[in-house]
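Asker: Okay, here's the prediction I keep looking at, along with the sequence it came from:
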Amino acid sequence: MNDIQTLAVVGAGTMGLGIAQLGIQHGLPTILFDLNPAALEKAQAAIAAGLGKLVAKSRLTADARDAALARLTATTDMGVVQADLIIEAVVERLDVKHQLFVKLAALNGPHTILASNTSSLPITQLAAPVPNPERVVGMHFFNPAPLMPLVEVISGVATAPAVADAVEALAKRLGKTPVRAADAPGFIVNRVARHYYVESLKIVEENVASFEVVDELLEASGFKMGPFRLMDLIGVDTNFSVTNAMFASFNQDAKFRPSRIQQQKVDAGHHGRKSGRGFYTY
């Protein structure tokens, strides 16, 4: 269980494709699964482009890029999703993740590690219906996964210490800085960062300032990206989903209250860069 030699990623969205790129770049044969063939095609193109940028910057040779791409298997057939470690990067819904993990457990042996890239859902809850819940762990990457150095490693109540150790070791192999976090809603980063978004949205709701002004001021104060540009990068829908999950997990604590402005953006399909429009137009 400690020796992770093969990787599978479920979900070919922004996070999933970024994690898959990391895997093949660091020598791991990697399966990338998605039900949507168009999403897989887009993901493969994005991975090739990402590796191409590294070649252009002389951080990777053309041969190494080609070898990495050869390690990638993209598929819409869940039956072939078998690996030492499977990381899910699907929608932030507990029921969806439960169904997925139960299916993956049936397709794999009891020693396959099932990891979630969730940014808000408790690992203990995710593991509850899964056979051999000791192999379920949180492995939370940050967007964009190939560039951001931090990975949160989260153990649920049932997670075996050897499983968390193996995931931490893999994160280091992928060139990341792993940090152990307790199993609490939002873990460390999202719990702290939630107020960066929530308070900024309240400022706009209360007509204190526009979202452009908030971004400009915070960027001028030293933040690399203002909250609204960052929400567009992450995905307005994804960010809103995390806020809702944390609001529920903290028993409707007002400090995590979701914003009606963000709700309207999601309802309108303005999901940020990936949809061409969020708080800004792309």
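Answerer: Everything's here; your move.

Asker: what's the burial count for Ala166?
Answerer: Residues lying near Ala166 (other Cβ atoms under 10 Å) number 22. The way it works is simple: take the backbone N, C-alpha and C, and place the C-beta from them, glycine included.

Asker: next structured bit after the helix or strand hosting it?
Answerer: For Ala166, the enclosing helix or strand under DSSP states H and E is helix 161-173. Counting by DSSP H and E, the next helix or strand C-terminal to helix 161-173 is strand 177-181.

Asker: That following strand - what's its average pLDDT?
Answerer: Averaged across strand 177-181, pLDDT comes to 97.

Asker: So which elements touch that strand?
Answerer: Applying 3 or more Cβ pairs under 8 Å, 6 or more residues apart in numbering; DSSP states H and E, one finds that strand 177-181 contacts strand 150-155, helix 161-173.

Asker: Setting aside sequence-adjacent positions, which residue approaches Pro185 most closely?
Answerer: Nearest non-adjacent residue to Pro185, counting by Cβ to Cβ, 6 or more residues apart in numbering: Ser249, 3.5 Å away.

Asker: buried set for the helix holding Ala166?
Answerer: Val163, Ala164, Asp165, Ala166, Val167, Glu168, Leu170, Ala171 (16 or more other Cβ atoms under 10 Å).

Asker: any weak-confidence spans in this protein?
Answerer: Along the chain, segments meeting pLDDT under 70 span 1-2.

Asker: Please enumerate the strands of this protein.
Answerer: Under the criterion DSSP state E, the chain contains strands at 7-10, 30-33, 72-75, 85-88, 113-116, 136-141, 150-155, 177-181.

Asker: Make TSV out of those strands and add distance to Ile234 and mean neighbour count.
Answerer: Shown next, in TSV, are the strands of the chain (distance: least, Cβ to Cβ, whole Å; neighbours: other Cβ atoms under 10 Å):
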stretch	distance to Ile234	mean neighbour count
strand 7-10	18	28
strand 30-33	20	26
strand 72-75	24	18
strand 85-88	18	25
strand 113-116	17	27
strand 136-141	12	26
strand 150-155	14	22
strand 177-181	19	16
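
Asker: so which of these comes closest to Met231?
Answerer: Closest to Met231 of the strands of the chain, according to Cβ to Cβ: strand 136-141, at 17.7 Å.

Asker: rewinding a little: would you check that the residue nearest to Pro185 makes contact with Ser119?
Answerer: No: contact criterion Cβ atoms under 8 Å: Ser249 and Ser119 do not qualify, at 11.9 Å.

Asker: Pick out whichever of those two has more residues nearby.
Answerer: Neighbour tally, Ser249 and Ser119, criterion other Cβ under 10 Å: the higher count belongs to Ser119, 28 against 17.

Asker: Just to check, that one is in contact with Asn190?
Answerer: Yes: between Ser119 and Asn190 there is a contact at 4.9 Å, judged by Cβ under 8 Å.

Asker: quick one: common contacting residues for these two?
Answerer: Residues touching both Ser119 and Asn190 by Cβ atoms under 8 Å, 6 or more residues apart in numbering: Val242.

Asker: end to end, how far does stretch 176-196 reach?
Answerer: Taking Cα to Cα, to the nearest Å, stretch 176-196 runs 24 Å from one end to the other.

Asker: ok, and what's touching that stretch?
Answerer: Residues from elsewhere that reach stretch 176-196 (Cβ under 8 Å, 6+ apart): 22, 119-124, 138, 140-142, 149-157, 164, 167-168, 171-172, 227, 230, 242-243, 245-246, 249-250, 255-256.

Asker: give me the number of residues near Ser275?
Answerer: Counted by other Cβ under 10 Å, the residues lying close to Ser275 total 16.

Asker: Oh, that last question was meant for Ala62, not what I typed.
Answerer: Ala62 sits with 10 neighbouring residues when counted by other Cβ under 10 Å.

Asker: Correct me if wrong: it contacts Val55.
Answerer: Yes: Ala62 is in contact with Val55 according to Cβ under 8 Å; the separation is 5.5 Å.

Asker: that older thread, got the CA positions of the helix holding Ala166 in PDB?
Answerer: This file holds the C-alpha atoms of helix 161-173, laid out as PDB (Å, rounded to 0.1, in the frame of the first residue of the first chain):
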ATOM      1  CA  PRO A 161      -1.800   6.000   9.000                       C
ATOM      2  CA  ALA A 162       0.100   4.100   6.300                       C
ATOM      3  CA  VAL A 163      -2.400   5.400   3.700                       C
ATOM      4  CA  ALA A 164      -1.900   9.000   4.700                       C
ATOM      5  CA  ASP A 165       1.900   8.400   4.800                       C
ATOM      6  CA  ALA A 166       1.800   6.900   1.200                       C
ATOM      7  CA  VAL A 167      -0.200   9.900  -0.100                       C
ATOM      8  CA  GLU A 168       2.200  12.300   1.600                       C
ATOM      9  CA  ALA A 169       5.100  10.600   0.100                       C
ATOM     10  CA  LEU A 170       3.500  10.700  -3.400                       C
ATOM     11  CA  ALA A 171       2.800  14.400  -3.000                       C
ATOM     12  CA  LYS A 172       6.500  14.900  -2.400                       C
ATOM     13  CA  ARG A 173       7.400  12.800  -5.400                       C
END
